[in-house]
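[1] Structure for this input, please:
(one chain, ligands or ions: 1)
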Amino acid sequence: MPTKKRILITRHLPPDVLARAARDYDVVQSGSDYVMESGEILAKASGADAILCCLSEKFDAGLISRLPDRVKILATFSVGTDHIDLDAAREHGLRVGNTPDAVTISTAEVAMLLLLGAAHRVSEGVHMLRSRSWPGWEAMQLLGMRLSGKRLGILGLGQIGQAVAKRARSFDMEIHYHSRNRVSQDRELGAVFHDTLDGLLGVSDVLSLHAPSTPQTKYCINRAAIEKLPQGAILVNTARGDLVADEDVIAALKSGRLAAAGLDVFEGEPKIHEGYYALENAFLLPHMGTSTIEARNEMGFAALDNIDAVLAGREPVYPVV
Ligand code: DGY
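    Numbers count the residues shown, from 1 in each chain. Modelled structure (predicted):
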């Protein structure tokens, strides 16, 4: 029997994903689930043909340059690739693949949850009830904002942005978007394209972020951008934390310039900006956009598909580099 190729899997993954990996490969893993430092990654990657990593491990130029040449692909269990120095991977001849299709539905559902939760002041309601401080029904209690008829601004009308637009349409929201490129009419489905971010901001009663973290998008939602939103707008972020400037968002939530925010991702997570904890109008989740068994299985299978393809001499199914 031919010997199996070896892959390093950096974190614990769903049982069905690990079962398929173990069926097809000699799997190297750690006994428990934690974020591996580069020294351990290098030690465990010796003799490996591929690495299946997560967004928690930073593959910077230093680490990538020291990976054995034998490692042919870095298959990340994520759509985001901001934890990987893609230029260094290109230079090192290391292929990179991600999992775009697998994350779409769950992330769009969580974006809708954040939209609804922020607009309907869900965190405050839950807190009032659980802290036993609910005085009973009152006509003016925790009044939120109805989404129906409001304008939803989507920054980045890729797969997730489109899935959010589809769901928001059924809430009778009017969809606007800004993307690097205008998408085709059959995917736009009547959404209004704005060729500048400023144009989008001006019409966004709710702004939902679906752009990748890049030097161009970093802190694009800062004080100046918030000033362009309608008074009392709502901000939703399921993309990456560093798209927003935390200090500016926190100041706007405090002053009421932003009525509320629904945030699933944070710069420097899990150590999020201290200012968020005290804000009642911040509906916060711990990076749960893809936390469904369906998404996590599909992400794992897509990562393995990428590895299978490259180790068989083909292109990754979802190539990034
Ligand atoms: C991704 O796929 O990049 C998500 O953030 C993982 O939850």
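[2] Look at the residue in the stretch 151-300 of the chain that the ligand sits nearest to and report its pLDDT.
    Per CB to the nearest ligand atom, T290 is where the stretch 151-300 of the chain lies closest to the ligand, at 3.8 Å. In this view, the C-beta of every residue, glycine as well, is placed from N, C-alpha and C. pLDDT, T290: 98.
[3] Which helix or which strand is home to it?
    Using DSSP states H and E, T290 sits in no helix or strand.
[4] so who does it touch?
    By CB atoms under 8 Å, 6 or more residues apart in numbering, the contact set of T290 is S78, A102, V103, S106, T107, R296, M299.
[5] how close does it sit to D205?
    T290 sits 27 Å away from D205, going by CB to CB, to the nearest Å.
[6] SS state for the most centrally placed residue in the chain?
    Closest residue to the average C-alpha location of the chain: A239 at 3.8 Å, with CA atoms, centre = their mean. Secondary structure assignment for A239 (DSSP: H, G, I helix; E, B strand; the rest coil): coil.
[7] Model confidence at it, what's the number?
    Note for A239: predicted pLDDT of 98.
[8] That one against L207, yeah?
    No - the pair A239 / L207 is not scored as a contact, 11.4 Å apart, by CB atoms under 8 Å.
[9] residues in contact with the nearest residue to A168 once chain neighbours are set aside?
    Spatial nearest neighbour of A168, chain neighbours left out: L152 (4.8 Å); criterion: CB to CB, 6 or more residues apart in numbering. By CB under 8 Å, 6+ apart, the contact set of L152 is 115, 164-165, 168, 173-176, 204-208.
[10] hang on, L152 is in a helix, isn't it?
    No - using three-state DSSP, the assignment for L152 is strand, not a helix.
[11] Beta-bridge partners for it, please?
    Counting by DSSP bridges, L152 is bridged to I175, V206.
[12] helix or strand right after the helix or strand that contains E91?
    In the assignment (DSSP H and E), E91 maps to helix 86-92. Going down the chain from helix 86-92, the next helix or strand is strand 95-97, by DSSP H and E.
[13] Name the residues that touch that next one?
    Applying CB under 8 Å, 6+ apart, the contact partners of strand 95-97 are 72-76, 81, 84, 86, 89, 302-303, 306-307, 309-310, 316-321.
[14] Show me those that map onto strands.
    Assigned to strands by DSSP state E, the following of the contacts of strand 95-97 qualify: I73, L74, A75, T76.
[15] Of those, which is the nearest to the ligand?
    Looking across the ones in strands among the contacts of strand 95-97 and measuring by CB to the nearest ligand atom, the closest to the ligand is T76, at 8.0 Å.
[16] Contact partners for the closest one?
    For T76, the contact set (CB under 8 Å, 6+ apart) comprises L52, C53, C54, L55, H83, I84, V96, G97, N98, T99, A303.
[17] can you check E315 too?
    Applying CB under 8 Å, 6+ apart, we find E315 in contact with A309.
[18] what does the stretch 51-200 of the chain put close to the ligand?
    Residues of the stretch 51-200 of the chain lying close to the ligand by CB under 6 Å from any ligand atom are L55, S78, V79, G80, V103.
[19] at 8 Å instead, please
    Counting by CB under 8 Å from any ligand atom, the residues of the stretch 51-200 of the chain close to the ligand are L55, T76, F77, S78, V79, G80, T81, N98, T99, A102, V103, T107.
[20] Just those residues: which are in helices?
    Judged by DSSP state H, helices contain the following of these: A102, V103, T107.
[21] Isn't the last one up against G289?
    This points to T107. Yes - T107 lies in contact with G289 (CB under 8 Å); the separation is 4.1 Å.
[22] Find residues that contact each of the two.
    Counting by CB under 8 Å, 6+ apart, the contacts common to T107 and G289 are T238.
[23] ok, those two, which is more surrounded?
    Between T107 and G289, T107 has the larger neighbour count (other CB atoms under 10 Å), namely 26 against 23.
[24] Spit out the contact partners of that one.
    By CB under 8 Å, 6+ apart, the residues touching T107 are I160, A163, T238, G289, T290, A295.
[25] L155 too?
    By CB under 8 Å, 6+ apart, L155 lies in contact with 161, 177-179, 197, 200, 207-211, 220, 243.
[26] which phi and psi does it have?
    Backbone geometry at L155, expressed as degrees, to the nearest 10, gives phi -90, psi 110.
[27] Can you pull the domain assignment for this structure?
    Listed by automatic domain parsing, the domain ranges of the chain are 6-98+293-311, 103-284.
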